[in-house]
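K.L.:
the sequence and its predicted three-dimensional model are supplied below.
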Amino acid sequence: MSMENSPTFLGSKGLINKQEFIRVIIQCLYSFGYEKSASCLESESGIRYKSVDFDLLESQILCGDWDNCIDTVNKIKDLKDDTRSSVLFLVFKHCFLEYLNRGDDSLALSVLQKQVPTLCMSKEMVHKLAYILSLKEMELGKLDEDIIFELRKRLLMELGKQFPPPIVVPERRLEHLVETSVMAQIDSCMHHNSQDVVSLYEDHCCGRDQIPTKTVQVLTDHSNEVWFVQFSNSGEYLASSSSDCTAIIWKVMEDDKLTMKHMLRSHQNPVSFVAWSPDDTKLLTCGNSEVLKLWDVETGTCKHTFGDHDFTVSSCAWFPDSKRIVCGSSDPEKGICMWDCDGNEIKAWRGTRMPKVLDLAVTSDGENLISIFSDKEIWILNLRTNAEQVISEEHSITSLSVSIDSIHLESTKLYTN
């Protein structure tokens, strides 16, 4: 008796549909090339990896039975009109190309005139099919049966991406579910600090001993308070800034100890902030109520000074190409400036509508500029479309951070009694 007639649920919570679970396992076995094992599981469980509708569609396409294929697509239940339209378009496109290949233009034209108007297809798709037929200069050449068969299998793969579950199981579904579970465990691991591969044999959990708690080195080369530290993106360097008006680039050695590479002396005021270029070849240093300086990491030389002593820098950020920077000022009249590494101003946002800038960031795709816009607002500007968005908060915002994938934005707020 087929298990499809007796749905049951698995797991301690009873949340896993047994039929779906087995079907996903069968798909995984087929994708790994274990066809005998997959076929055996199908036979023993009575559950087919392919749905009845898609199995029928596959047999019709592989033998070139286009009339019944179209009829099958139109009879599939619970299929959205736009999905059905997309599927029919792919089927007709392939069908027409086969007709043209064997020189049967009249048959293709007849289908377009008599069958297509009765189907759920947009005018745009109908025009695309008509365009295929209008290509008089098309020279497809005579394709042999083997090539036609391979093209039909490719069509099935394209259709598999169009149909929703349960008609078709999404590609690599079991891998996706397991990977999602592993990522969820990593995200919920309070002390996660390991680069080791997470095992599937047990639930992941890092102990407190994974968090560094022992001081291994004290750096004493600054002569006054250290205000900011940041590792380079590759982890090969560390930059520190101090109220002694200097910044230091440290080299991480093979034994994980740090040694000074360059002491950067040029600022007249304490250095409050540093920022590494994405390729780690350049470093920005921000003087407190002062200018912004660009340094060459390899030589330790100052390549350029941005702004002047009237330009009070509050924050800066790099674009992903490491060729452009953006800088904000706490002076509303100065606003935000974008420069290249030679000091040429590319663009600026100034004026009465641009209040003081407390912090800013650029998304990793370089498309969006994000800034703390006034005391309680975050300003998001799409640099490609110039579309603006403002997020208002109830409390004062002090800083912001954007995730590497540019999906999440985090801000810190100042709460007062």
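P.N.:
Everything's here; your move. Computed from a predicted structure; not experimentally measured.

K.L.:
got a list of what the nearest residue to Ile211 once chain neighbours are set aside touches?
P.N.:
Nearest residue to Ile211, sequence neighbours excluded (C-beta to C-beta, 6 or more residues apart in numbering): His191, at 5.4 Å. Backbone N, C-alpha and C define where each C-beta goes, glycine included. His191 is in contact with 206-208, 210-211, counting by C-beta atoms under 8 Å, 6 or more residues apart in numbering.

K.L.:
check the gap between His191 and Glu410 for me.
P.N.:
Distance of His191 to Glu410, given as C-beta to C-beta, to the nearest Å: 20 Å.

K.L.:
swap in Ile380?
P.N.:
14 Å.

K.L.:
and for Leu284?
P.N.:
22 Å.

K.L.:
any low-confidence regions in the protein?
P.N.:
Applying pLDDT under 70 to the chain flags residues 1-7, 108, 111-122, 125-126, 129-143, 308-311, 332, 351-355, 374, 413-417.

K.L.:
in it, spot the helix with the most residues.
P.N.:
helix 81-101 (DSSP state H).

K.L.:
for it, buried residues please.
P.N.:
Using 16 or more other C-beta atoms under 10 Å as the test for burial, helix 81-101 gives 83-101.

K.L.:
quick one on the thing from earlier: which one's more surrounded, Leu284 and Glu410?
P.N.:
Leu284 (23 against 9; other C-beta atoms under 10 Å).

K.L.:
quickly find the element holding the closest residue to the more buried one other than its chain neighbours.
P.N.:
Closest residue to Leu284 apart from its sequence neighbours, by C-beta to C-beta, 6+ apart: Ala275 at 4.4 Å. According to DSSP states H and E, Ala275 maps onto strand 271-276.

K.L.:
what does that strand contact?
P.N.:
227-228, 230, 232-233, 237, 239-243, 245-247, 282-288, 315-318.

K.L.:
the residue sitting furthest away from the middle of the chain: what secondary structure?
P.N.:
Most distant residue from the mean C-alpha position of the chain: Ser106, 46.7 Å away (C-alpha atoms, centre = their mean). Local secondary structure at Ser106 is given as helix here, using DSSP: H, G, I helix; E, B strand; the rest coil.

K.L.:
same question, Ser289
P.N.:
Reduced to three states by three-state DSSP, Ser289 is coil.

K.L.:
any idea how far it lies from Thr246?
P.N.:
With C-beta to C-beta as the criterion, Ser289 and Thr246 are 17 Å apart.

K.L.:
more neighbours, these two?
P.N.:
Thr246 (20 against 15).

K.L.:
what sits against the more buried one?
P.N.:
222, 263-265, 267, 271.

K.L.:
swap in 7 Å and give it another go.
P.N.:
222, 263-265, 271 (C-beta atoms under 7 Å, 6 or more residues apart in numbering).

K.L.:
for beta bridges, what are the partners of it?
P.N.:
Arg265 (DSSP bridges).

K.L.:
look up how far Val197 lies from it.
P.N.:
Thr246 is 42 Å from Val197, by C-beta to C-beta.

K.L.:
look at Val218 and tell me its secondary structure.
P.N.:
Taking three-state DSSP, the label given to Val218 is coil.

K.L.:
I should have written Asp55 there, sorry.
P.N.:
When classified by three-state DSSP, Asp55 comes out as helix.

K.L.:
which ones are touching it?
P.N.:
Going by C-beta under 7 Å, 6+ apart, the list of residues near Asp55 reads Arg48.

K.L.:
distance of it from Tyr49?
P.N.:
Distance from Asp55 to Tyr49, by C-beta to C-beta: 9 Å.
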